[in-house]
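K.L.:
Output the structure for:
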Amino acid sequence: MDLRAARAALVADASVGGATFGAALSDAVDATLRSSFAAVARDDLVVLALGSYARRELCPGSDVDVLLLHRRPEIAAVADALWYPLWDAGLVLGHAARTAKEALRLAESDLETLTSLLDVRVVAGPATADADALVHRVRRTARRRRAALIDELAAAATRRRDRPGPIAEVLEPDLKEGSGGLRDLHALGWAGWALGPGGPAALAAIGALHPEDLGDLRRANATLLDVRVALHRVSGRPSDRLVLQDQDGVAALLGADDADDLVRRVAAAGRSIGWIADEAWSALRVPAPRRSRRRGGVGVELSPGVLEHAGTIALAPDASIDGSLVLTVAAIAATRGARVSRDTLQRLRGVAAPTWDQADRDAFITLLRAGRAAIPVIEALDHVGAFTTVLPEWADVRSRPQRNAYHRFTVDRHLLEAVAESASLLDGTAEADRQVVAGLDRPDLLLLAALLHDIAKGQPGDHSEVGAARARVIAERIGLDPAATETLAWLVADHLLLADTATRRDLDDPVTVERFAGRVRDRDRLVLLHALTVADSRATGPAAWGPTKAALVHDLVARAAVAIDAGSVTDPGGFDPFVGHEAEIAAGTLSVSWSEPPEGGLRCTVVAPDRPGLLGAVSAALALAGLDVWSVGAATHASGVALEVFTGVDRFGRLGDDRGRAEATAAIEQACAGDPDLAARLAARAEAYRRGAPVRGPVTVQVDVLGSATATVVEVFADDEVGRFAHLAMLLAEAGVDVTAARATTIGDRIVDTFYVRDVHGKIVDPLAIARIRRSIIEGLEGGAPGAADPRT
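P.N.:
This next block holds a predicted model:
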């Protein structure tokens, strides 16, 4: 069987995966190259396999990297003859032909070449002595340059954490180049050649890795190879990024329960590799004499049984180990910004739970209060299973993916980020942060709520309600008083309340503030919820927090504080939306103005004679001009003149100057005059941006008849796309209702658009009309089906 047929048969046989596939394909390539050598009448040649081919870890889409070593010139024709069967088989070849001297010179000046020659294997050719000599010299070069090599490998690992990011924490992990991916594993092997006989075992021999790490790395490598081979099969591409649209297919091919199960396997492998690599680079960057001191000697006692030893936190040899000591070690390490020694972590495996006396609670809160410094400590404890001794529920959220673009992190890492953001608020380095936590009497409850607010993600039922029940159990276990227990459970149950109300309701409607203040009840809970909302949003990602959301949240908190202090909601007292627009209202003709509000973004104010469909026409023109609307206010004057205020972001940067705004104003004027092609142009723009997008999600329409005393509140959950808000406004106009206010919220790749609507007589919409509106929206958004859940913080 020729190489093309052999490769095709391997790819088609889904029972051959991972390392087995890699070895089989490598063997087939080996056989082809050896066969080709039969026609080469030269004794000065040898072919070396490099990279994944050398390690016999080829995947269906892998490049095959080879080096032809030679001593005499006139090599091009010979090389082409050797490589041609591989090209003919459809393989992508990374090839070079060099003398040993040329290869060594490149290795001495280029890190990538040096590392490529550390993983080598002789494939074919008689000049094996040349290959052995080259490899010996390259490895000697690596040992001579060990400090620079290790520094660069460690720095590269740090860069991978920044981009493309940790494969244990991102939505679409890069199996090869992501932090905790295969490249991190390979780098440990290269460092091993700089220090000894090569591979991670060399690092274990000098104490930079723990003996148990070697087994963990082998298992993680096997997992990632299985997934990488399956990904290449499913996608038909050499990509190493496990994108959302391929996750279901890869999961099915590997026999995983579902895509979440697959991603958790990848995350667990990546977390293991990433943590071990981080420990190794930390140890290797410590001078050798200091590494020796870490492995022996007596440190300074910081607490009974706990020592600071050569820059790490360690247990005394005679320490009595229990769950309480786990908390003490963790709190000390986090507050001092120090690592816990590897031997100590091993000793903490399988300890009993804390007794949760006052000292244990204080140590736990001290750990969380350390903020960002607590994250590596908790991850270290979790690596050896000690953190689930402290918090058994952590096992359910460990490495759990959040399958929407709104979240940057897996659930467990998001919770730790929320704790870090809470601690940052308590530090109060910025005036805005100090205002958020002003009057906060129980910082411990904020930290615990940050840690637990999503503790029930992935469990059956609403994660907020189920999480509140779990939080109550945890609070009772750790010995919180009854009042604190109830407050913590409420914070978890209602952790979305402030953000949802501020961004999806009309804050000028007294019912909005009344309902919100009634749920919060007192100032202490309001301050706690405000701080938790800020921390949770910041920890979620840049899409979840910005100046506009911050301003809306602050506005609602201020109004609720007044209401709570007064015991009732104060009526706005004759709020008049037309103040400041008297001249335009009196003129009764179309007027368009632009401004930049203090909270950020761009505002477009339109005054025009009212007519059915006006809001849809204006918002469509703005969408085509590039204004991504997030808030709309609408009112109709007694004279029949409408005021519409749109606030949003300049999506394409076209509206930053007078010329761009003039063009947008002209488009609004044309739309108000009755542009017959407006809807078609908007639909075409949306379709152009929709091409190539994943399968469209369902549409949900929720109606709140109690959300306002003067209007019916309609919320629409759907995929985001250009002009979505305008399309919805047009559908509502067709349904015969008038929009008095609106909010547009984007959650990753989904939108939550809220409309306050009245019928043509200015009354609350009746139940029959509500059913018609819901049906019209779902049918109008094409192919949606009721029942979608909205991805929320």
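
K.L.:
for the stretch 251-400 of the chain, what spans make up the helices?
P.N.:
When assigned using DSSP state H, counting those that start in this stretch, the helices of the stretch 251-400 of the chain occupy the ranges 259-284, 288-294, 323-336, 342-347, 358-369, 374-383, 387-390, 394-397.

K.L.:
Surely Arg603 is within a helix?
P.N.:
No - counting by DSSP: H, G, I helix; E, B strand; the rest coil, Arg603 is not part of a helix but strand.

K.L.:
OK, contacts around it?
P.N.:
Residues counted as contacts of Arg603 (C-beta atoms under 8 Å, 6 or more residues apart in numbering) are 594-597, 645-647. The way it works is simple: take the backbone N, C-alpha and C, and place the C-beta from them, glycine included.

K.L.:
how about these in a markdown table, adding pLDDT, neighbour count and distance to Arg163?
P.N.:
As requested, the contacts of Arg603 are exported to a markdown table (pLDDT from 0 to 100; neighbours: other C-beta atoms under 10 Å; distance: C-beta to C-beta, whole Å):
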| residue | pLDDT | neighbour count | distance to Arg163 |
| --- | --- | --- | --- |
| Trp594 | 96 | 16 | 36 |
| Ser595 | 93 | 10 | 37 |
| Glu596 | 90 | 11 | 32 |
| Pro597 | 85 | 14 | 33 |
| Val645 | 90 | 20 | 39 |
| Phe646 | 91 | 26 | 35 |
| Thr647 | 87 | 22 | 32 |
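
K.L.:
can you tell me which of the residues you listed are in helices?
P.N.:
Among the contacts of Arg603, none falls in helices (DSSP state H).

K.L.:
Closest to Ala617 out of these?
P.N.:
Phe646 (12.3 Å; C-beta to C-beta).

K.L.:
Got the confidence number for the closest residue to the closest one other than its chain neighbours?
P.N.:
Distances taken as C-beta to C-beta, 6 or more residues apart in numbering put Cys604 closest to Phe646, at 4.6 Å, once the chain neighbours are dropped. We have a pLDDT of 95 for Cys604.

K.L.:
which residues of the stretch 101-250 of the chain fall in helices?
P.N.:
Using DSSP H, counting those that start in this stretch, the helices found in the stretch 101-250 of the chain span residues 111-116, 128-144, 146-162, 182-195, 200-205, 211-235, 244-254.

K.L.:
Let me know which of these is the nearest to Ser424.
P.N.:
helix 146-162 (19.6 Å).

K.L.:
and the closest one, which residues are buried?
P.N.:
Neighbour-count burial for helix 146-162 flags 149-150, 153-154, 156-157, 160-161 (criterion: 16 or more other C-beta atoms under 10 Å).

K.L.:
Columns distance to Ala635 and pLDDT on top of those residues, output as CSV?
P.N.:
Formatted as CSV, the buried residues of helix 146-162 follow (distance: C-beta to C-beta, whole Å; pLDDT from 0 to 100):
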residue, distance to Ala635, pLDDT
Leu149, 68, 93
Ile150, 67, 94
Leu153, 63, 95
Ala154, 61, 95
Ala156, 58, 95
Ala157, 57, 95
Arg160, 53, 95
Arg161, 50, 91
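
K.L.:
Format the contacts of Arg603 as JSON lines; extra columns: distance to Phe364.
P.N.:
As requested, the contacts of Arg603 are arranged in JSON lines below (distance: C-beta to C-beta, whole Å):
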{"residue": "Trp594", "distance to Phe364": "52"}
{"residue": "Ser595", "distance to Phe364": "49"}
{"residue": "Glu596", "distance to Phe364": "46"}
{"residue": "Pro597", "distance to Phe364": "43"}
{"residue": "Val645", "distance to Phe364": "48"}
{"residue": "Phe646", "distance to Phe364": "48"}
{"residue": "Thr647", "distance to Phe364": "43"}
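
K.L.:
Of those residues, just say which sits nearest to Arg477.
P.N.:
Thr647 (46.2 Å).

K.L.:
looking at it, that closest one is touching Ala551, isn't it?
P.N.:
No - if you go by C-beta atoms under 8 Å, Thr647 and Ala551 don't touch, sitting 10.2 Å apart.

K.L.:
what pLDDT does Phe575 get?
P.N.:
Taking Phe575 on its own, its pLDDT is 52.

K.L.:
Please tell me how far the residue lying closest to Leu203 once chain neighbours are set aside sits from Arg183.
P.N.:
Nearest residue to Leu203, sequence neighbours excluded (C-beta to C-beta, 6+ apart): Leu209, at 4.4 Å. As for Leu209, its distance to Arg183 is 17 Å (criterion: C-beta to C-beta, to the nearest Å).

K.L.:
Is there a neighbour count for the residue nearest to Leu203? I'd like the number.
P.N.:
Counted with other C-beta atoms under 10 Å, the neighbours of Leu209 add up to 26.

K.L.:
which sections of this protein are below the confidence cut-off?
P.N.:
286-298, 404-405, 568-576, 599, 690-696, 748, 782-793 (pLDDT under 70).

K.L.:
quick one: contacts for Phe755?
P.N.:
Per C-beta under 8 Å, 6+ apart, neighbours of Phe755: 713-716, 728-729, 732, 739, 741-742.

K.L.:
ok, now Ala142?
P.N.:
114, 118, 149, 190, 193-194.

K.L.:
ok, so what distance separates the closest residue to it other than its chain neighbours from Gly255?
P.N.:
Leaving aside its chain neighbours, Ala142 sits nearest to Ala194 (4.4 Å; criterion: C-beta to C-beta, 6+ apart). As judged by C-beta to C-beta, Ala194 and Gly255 stand 39 Å apart.

K.L.:
Could you do Pro612 as well?
P.N.:
From Pro612 over to Gly255 (counting by C-beta to C-beta), the distance is 56 Å.

K.L.:
same thing with Pro197?
P.N.:
37 Å.

K.L.:
where's stretch 82-90 relative to the chain centroid, distance-wise?
P.N.:
40 Å (C-alpha atoms, centre = their mean, to the nearest Å).

K.L.:
How about stretch 362-382?
P.N.:
Relative to its parent chain, stretch 362-382 has a centroid offset of 21 Å by C-alpha atoms, centre = their mean.

K.L.:
Then stretch 346-365?
P.N.:
30 Å.

K.L.:
who touches that stretch?
P.N.:
Stretch 346-365 is contacted from outside by 210, 212, 315, 321-331, 381, 384-386, 389-390, 444, 447-448, 477-480, using C-beta under 8 Å, 6+ apart.
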